[in-house]
Every structure is written in C-alpha cells, then in structure tokens.
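Undergrad: sequence unavailable; structure follows:
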C-alpha cells in the first residue's frame with residue numbers, strides 16, 4: 001500500500017474529490033498512464049478455495065461434493081459445498097467429519113526421505129514427512145500464464161498463490177479508441193483543444209458482465225443478483241465505460257480458465273487495487289463484481305474499518321479506542337489535521353483509504369525467483385547430530401525439485417549460496433552458508449551433501465558427549481539465495497562446455513585423433529608453458545593463474561579457451577576486489593576506522609518509531 005507524506009495545510013478538498021473527474025481529450029490521448037489517471041481500471045482475480053479446487057481437479061471429484069484439504073490434523077482449505085455444513089479452516093479434521101460424514105478429506109502431498117518427489121501417502125507422519133505445496137504452485141503458474149496470454153497489454157501482478165491484480169488501463173484505452181474512433185482527436189470547433197471535455201458516453205449495457213454494486217445499497221437476498229442493467233444509466237461516465245470493457249475482457253479469461261483448467265474464480269473490478277480487492281469478495285464464489293465510482297461512498301461507509309488490510313491490527317485498535325468508532329463512515333468525521341496530529345503525517349494514507357483512494361501501482365514481478373526455502377518445524381526436537389541428516393535430505397529433495405523446475409523455463413538460473421538455518425524455540429537461532437558450486441545436473445545428493453557439510457559445521461558435537469549437540473533443534477531450514485541468470489563471467493569453467501561443444505560424433509572423432517596422434521603428445525607442464533592462452537600472471541599478486549587441466553589440451557578450440565581464461569581473470573579480479581572492500585574505511589567514522597573482518601559484537605540501538613510507523617513495526 002502507498003503511504004505518502006503530506007502536510008494537512010498543503011491539501012485541499014480537490015485532492016480527495018476525484019470520484020467524478022472531468023475527463024478531457026488530453027487524458028484520453030496521454031501516453032503517461034499513472035495511478036492518478038481518471039480512466040484507470042484495476043481488477044483482482046481470486047481463485048475460489050484454491051487448494052481444495054486443485055485436489056478436486058486432480059482427483060476428478062464432482063465440484064458439488066464437500067471436500068477439504070488437510071495438513072496433519074488441521075484444515076488448510078474448505079470448498080464451498082463443505083462450508084454449507086458449517087465447516088471452516090478453524091476446525092480439526094475429525095470435527096469436520098462429524099459435521100459432514102460424507103466429507104472427502106485429502107491430505108496434502110508430503111516429502112519423505114528417499115523420494116525425489118512428494119507423494120500422497122495413506123498415513124503421512126509429521127515425524128518423518130514434510131508438507132509439499134508444489135502441486136498448488138504449478139497450478140497457480142498455469143492460471144497466471146492464462147492471464148498473460150489472454151490479456152495482452154495488461155499489467156499483471158501475482159499477489160499470492162491464488163490471487164492476481166490486473167491493470168486494464170492500457171488495453172481499455174486501446175479498446176476505447178477502436179470502438180469510438182471519434183475520440184481519437186478533439187473536434188475542430190473544440191473550445192479548449194485537447195483540454196476540452198469528452199462528449200457524453202453512450203448508454204452502457206451490463207448484461208453478462210457481472211454484478212454491478214448499486215450506488216444506493218438496498219436489502220437483497222444473497223441468492224438474488226442485482227439487475228444487470230445499471231439503475232441510473234443517465235449518470236454513466238466514461239470511467240463506467242472503461243469498467244464495462246475491463247469486465248468484458250476479464251470475463252472471457254475467467255471462462256477460459258474454468259473450461260481449460262477446471263477452476264472457478266471471483267473477480268472484483270474498480271478504479272484501484274484497494275477497491276478491486278474489496279470488490280472481489282462481494283459475491284463469491286464464481287462471480288464478477290463491478291464497483292462504479294458513484295457507488296464507492298455508500299459501499300465503504302457501513303464497512304467495519306478494521307476489516308481493511310493494515311487497519312485490523314494495532315493501528316485499527318488504536319483508531320477505534322482514540323475516536324470511539326467502528327465503521328468507515330464513523331472515521332470520515334475525523335479531519336486530516338486531527339488524524340495527523342495524533343498519528344503523524346503518514347496517516348494521510350489512512351485518510352485516503354477511507355475515501356477509496358489508493359496510489360499503489362500494479363507491477364509485474366520478475367519471473368526469476370531470487371530465493372527458495374524449504375523448512376520444517378519439528379514436532380520432536382533434534383538432540384543428536386546424526387538425526388539432522390534425515391531432514392537435510394528431505395529438504396534437499398524439495399529444493400532440487402523446485403530448482404530443476406525453474407531451470408526448465410530458464411536454463412541459466414543458478415543459486416549463488418546455500419544456507420542452513422536452525423532454531424531452538426523462538427529465540428535462539430543459528431545459520432551457516434556457503435557458495436553453491438555449479439554442476440550440470442542438480443540432484444538431491446548434491447544438495448544434501450552441501451547441507452550435511454553446513455550441518456556438521458553448525459551443530460557438530462561440542463559439549464563432549466558423543467553425538468550430542470549444544471542445544472535442541474526445533475526448526476530446520478535449507479535455502480538457496482542469490483538465484484539469478486548466469487552470464488559467461490559467472491559460470492564455472494564447466495559451464496563453457498554446455499551447449500558449446502561439438503556433436504557426439506565429432507567428439508568421438510576428436511578423441512580417436514588424440515589417441516592416434518602421439519607425435520604431438522606432451523605432459524601438462526609442457527602444454528602449459530607452450531600455450532599462452534592457458535594461464536596468466538596477475539598484476540596485483542604476481543601469481544601465475546592456470547586454467548583447469550581439462551582446458552589445457554592443445555587440441556581444444558582456442559576460442560573456448562580464450563573465453564574461459566577471460567572468465568578466470570574476472571573471477572580472480574573479483575577476489576581482489578572483495579579483499580579491498582573488506583579493508584575499506586568506514587565512512588560513518590569519517591574514514592578514521594576500518595571495518596573488521598568479523599561482525600561487531602555491539603548492535604546499534606534501533607531508533608524509536610513514531611506516528612503511524614510504530615503500528616507497523618515488527619514484533
């Protein structure tokens with residue numbers, strides 16, 4: 001969420017009176033489409049009971065059958081037929097079965113030692129198995145890809161495993177110009193040129209586009225949708241036209257997702273991310289709701305403000321106690337000056353959210369995952385060094401599967417570091433990390449070997465008792481960090497052979513040629529001395545740096561050897577740079593002191609937060 005700063009005295013009523021802006025040709029023809037664009041349209045699409053739907057599709061279960069997804073003894077997903085029996089995620093599995101004996105209970109897939117992939121076991125045991133959400137991640141990617149394919153030109157932000165924001169502003173603008181070509185330029189007699197307001201919009205038909213939230217709330221039956229015809233079309237705006245176009249495009253994608261993947265979704269469409277998120281839950285499941293600007297005030301006023309994201313915790317409680325209020329409408333009576341006096345300048349964010357204003361961008365996230373984490377909270381703490389190897393291998397299986405899947409889409413992806421983190425209770429924690437070497441094929445054995453080495457370094461027996469550890473381990477985490485696409489200078493020498501070598505037949509011929517042509521044979525030292533491209537002398541340390549033996553063969557292509565040598569120079573240069581940085585002067589001390597190579601023992605005291613910021617501080 002956007003949390004800007006502003007002085008109350010610098011603001012006017014116009015800063016918040018933007019529900020019915022005057023839209024001009026300049027707005028329509030502008031190429032700079034920002035968060036304040038009066039024709040901005042944002043949608044949130046949420047997959048209905050996603051984990052349960054994934055299992056329903058996988059098992060080909062009738063959608064009308066009550067189904068829950070179980071993780072050990074707790075429920076993590078309940079489909080809508082099961083909710084009719086009063087079952088919720090707060091229930092235990094046995095209690096849910098009492099409410100609905102016909103309930104289908106599916107336990108999530110789990111990893112166990114010795115298996116490269118997670119499976120669905122009859123009786124998974126938390127003492128030996130680890131939960132896997134890999135199947136749900138894969139299905140989530142399929143849905144996300146359908147958004148990308150079905151909505152060209154839209155900005156799509158994956159908000160969570162089952163949610164995605166879509167900014168329709170640009171594709172809607174293109175559709176407006178295509179459907180209403182007379183808007184492509186102001187008329188010749190326009191009094192203000194580009195600043196002339198657009199002509200009145202045409203009538204809008206909302207048939208088949210979803211539920212239009214009424215401008216004046218009225219009691220309705222939950223099973224009776226509102227009329228598909230807007231009750232006040234005479235007051236329709238060009239933003240309403242934009243909303244209808246976005247609803248049309250979103251509706252087509254939702255139908256495709258259901259027909260091709262089997263998942264139902266619920267979408268909310270409004271002028272920003274905040275309102276789209278609220279609107280998506282207006283009428284679930286398998287629904288599409290549209291919030292016009294004219295309906296925003298009456299839609300928000302009766303809402304308990306503590307249900308709004310970031311207003312449900314300490315900040316919401318503080319607001320409720322300070323002003324004795326419960327709903328959004330109650331807080332609208334509090335002036336901005338008063339709110340900023342009590343909660344600081346940043347409380348302008350609260351003031352705006354209550355009025356349906358949100359400055360958040362919809363930003364497409366990088367397809368490259370920067371880190372991967374596999375973790376296990378242990379029901380029985382580890383007390384012996386040997387007990388940790390089981391969990392290291394289980395976690396390694398998850399990391400191997402996820403990294404290999406990521407590399408199918410981006411073959412050059414590779415993690416820089418592998419990290420092992422252990423914890424005792426919620427207080428004591430320790431971690432150890434090491435560079436992760438590049439290999440052609442990553443396997444469970446390779447990751448487990450690296451994890452085992454870190455485990456021995458981290459919890460090796462130090463109290464004198466054979467096999468015992470200095471403390472009980474209640475949680476183990478194994479992760480990759482610094483995942484990125486490698487370039488030539490970052491790859492290990494082995495990487496230069498990948499997709500670069502000759503064909504198998506050519507390789508066999510070359511091997512036979514080497515074996516037969518003994519007249520040119522020489523030992524490695526002689527080869528090095530006669531190949532200027534097989535080594536170099538560092539100008540800094542004056543050491544002779546050689547290529548690996550595999551690259552010293554005189555029969556090897558010179559271009560490959562030269563590129564490998566260039567990469568070796570870069571790596572060696574980075575080594576010296578790292579040494580210099582470790583000795584660099586600390587600017588905070590005016591350059592008089594140097595940073596030690598070991599972490600300082602004294603921790604800087606955290607500055608006390610004030611205003612609204614303290615309500616978001618991490619506990």
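TA: Perfect, thanks for sending it. Because the structure is predicted, anything quoted here is derived from the model rather than measured. Numbers count the residues shown, from 1 in each chain.
Undergrad: quick one, phi/psi of residue 124?
TA: Dihedral pair for residue 124: phi -70, psi 140, per degrees, to the nearest 10.
Undergrad: ignoring the adjacent residues along the chain, who's closest to it?
TA: Leaving aside its sequence neighbours, residue 124 sits nearest to residue 110 (C-beta to C-beta, 6 or more residues apart in numbering; 4.5 Å). Where you see a C-beta, it was placed from the backbone N, CA and C, and this is true even at glycine.
Undergrad: report pLDDT for that neighbour.
TA: pLDDT recorded at residue 110 is 94.
Undergrad: specify the beta-bridge partners of it.
TA: residue 119, residue 131 (DSSP bridges).
Undergrad: was I right about it contacting residue 127?
TA: No - applying C-beta atoms under 8 Å as the test, residue 110 and residue 127 come out as separate, 11.6 Å apart.
Undergrad: of these two, who's got more company?
TA: residue 110 (21 against 9; other C-beta atoms under 10 Å).
Undergrad: name the SS class of residue 423, please.
TA: Here residue 423 is recorded as strand under DSSP: H, G, I helix; E, B strand; the rest coil.
Undergrad: brain fart, residue 153
TA: coil.
Undergrad: burial count for it?
TA: There are 14 residues near residue 153, going by other C-beta under 10 Å.
Undergrad: can you count the residues close to the closest residue to it other than its chain neighbours?
TA: Spatial nearest neighbour of residue 153, excluding adjacent residues (C-beta to C-beta, 6+ apart): residue 171 at 4.3 Å. When neighbours are counted by other C-beta under 10 Å, residue 171 registers 19.
Undergrad: same for the helix or strand where residue 171 lies, what does it pack against?
TA: Residue 171 is part of helix 169-179, with elements assigned from DSSP states H and E. Counting contacts by 3 or more C-beta pairs under 8 Å, 6 or more residues apart in numbering; DSSP states H and E, helix 169-179 packs against helix 25-29, helix 238-261.
Undergrad: same thing but 7 Å
TA: Packed against helix 169-179 by the contact rule (3 or more C-beta pairs under 7 Å, 6 or more residues apart in numbering; DSSP states H and E) you find helix 238-261.
Undergrad: tell me which residues in the helix it packs on are buried?
TA: 238-247, 249-251, 253-254, 257, 261 (16 or more other C-beta atoms under 10 Å).
Undergrad: returning to what we had before: now the helix holding residue 171: buried residues?
TA: Residues of helix 169-179 classed as buried: 169-173, 175-176 (neighbour count, 16+ other C-beta under 10 Å).
Undergrad: helix 238-261 and that one, what's the angle between them?
TA: 110 degrees (axes from the mean of the first three to the mean of the last three C-alpha atoms, to 10 degrees).
Undergrad: skip the chain neighbours and tell me the closest residue to residue 155.
TA: In space, residue 155 is closest to residue 167, 4.0 Å off (C-beta to C-beta, 6+ apart).
Undergrad: tally of neighbours for that neighbour?
TA: 27.
Undergrad: wait, isn't it in contact with residue 361?
TA: No - with contact defined as C-beta atoms under 7 Å, residue 167 does not reach residue 361; the gap is 8.0 Å.
Undergrad: thinking again about what came up before, next one: the residue nearest to residue 153 from residue 393, what distance?
TA: Noted for residue 171: a distance of 48 Å to residue 393, by C-beta to C-beta, to the nearest Å.
Undergrad: ranges for the strands of the stretch 51-200 of the chain?
TA: With strands called from DSSP state E, counting those that start in this stretch, the stretch 51-200 of the chain shows them at 67-71, 74-78, 104-107, 110-112, 129-131, 155-160, 163-167.
Undergrad: what segments of the stretch 351-500 of the chain are helices?
TA: 388-409, 444-459 (DSSP state H, counting those that start in this stretch).
Undergrad: make CSV out of the ones you listed and add mean neighbour count, mean pLDDT and distance to residue 25.
TA: Shown next, in CSV, are those (neighbours: other C-beta atoms under 10 Å; pLDDT from 0 to 100; distance: least, C-beta to C-beta, whole Å):
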stretch, mean neighbour count, mean pLDDT, distance to residue 25
helix 388-409, 19, 91, 43
helix 444-459, 18, 91, 59
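Undergrad: how about JSON lines for the ones you listed, with distance to residue 267 added?
TA: Converted to JSON lines, the helices of the stretch 351-500 of the chain look like this (distance: least, C-beta to C-beta, whole Å):
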{"stretch": "helix 388-409", "distance to residue 267": "27"}
{"stretch": "helix 444-459", "distance to residue 267": "40"}
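Undergrad: between those, which gets nearest to residue 474?
TA: helix 388-409 (11.6 Å; C-beta to C-beta).
Undergrad: figure out how far stretch 383-401 is from the centre of its chain.
TA: Taking C-alpha atoms, centre = their mean, to the nearest Å, the mean C-alpha location of stretch 383-401 is offset from the chain mean by 26 Å.
Undergrad: let me redo that: stretch 34-46
TA: With C-alpha atoms, centre = their mean, you get 20 Å for stretch 34-46.
Undergrad: what about residue 115, how many residues nearby?
TA: So residue 115, with other C-beta under 10 Å, has 15 neighbours.
Undergrad: which residue sits closest to it, ignoring its sequence neighbours?
TA: Excluding the flanking residues, the one nearest residue 115 by C-beta to C-beta, 6+ apart is residue 397, at 6.6 Å.
Undergrad: and residue 132, how close does it get to residue 162?
TA: For residue 132, the distance to residue 162 - C-beta to C-beta - is 17 Å.
Undergrad: doesn't residue 96 make contact with residue 73?
TA: No - applying C-beta under 7 Å as the test, residue 73 and residue 96 come out as separate, 10.5 Å apart.
Undergrad: and after the helix holding residue 171, which helix or strand comes next?
TA: strand 211-212.
Undergrad: ok, that following strand: who's next to it in the sheet?
TA: Short version: by DSSP bridges, strand 211-212 pairs with strand 288-290 (parallel).
Undergrad: can you pull the buried residues of the partner strand?
TA: By neighbour count with 16+ other C-beta under 10 Å, strand 288-290 contains the buried residues 288-290.
Undergrad: in TSV, list the strands of the stretch 51-200 of the chain along with distance to residue 411.
TA: Shown next, in TSV, are the strands of the stretch 51-200 of the chain (distance: least, C-beta to C-beta, whole Å):
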stretch	distance to residue 411
strand 67-71	33
strand 74-78	33
strand 104-107	34
strand 110-112	25
strand 129-131	28
strand 155-160	22
strand 163-167	26
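Undergrad: following element in sequence after the least confident helix or strand in the chain by mean pLDDT, please.
TA: Ranked by mean pLDDT, DSSP states H and E, the weakest helix or strand in the chain is helix 524-530, scoring a mean of 36. The helix or strand immediately downstream of helix 524-530 is strand 535-537, counting by DSSP H and E.
Undergrad: the helix or strand just after that following strand - contacts with which helices or strands?
TA: Remark: after strand 535-537, the chain's next helix or strand is strand 544-546, criterion DSSP H and E. Here strand 544-546 touches strand 535-537, going by 3+ C-beta pairs under 7 Å, 6+ apart.
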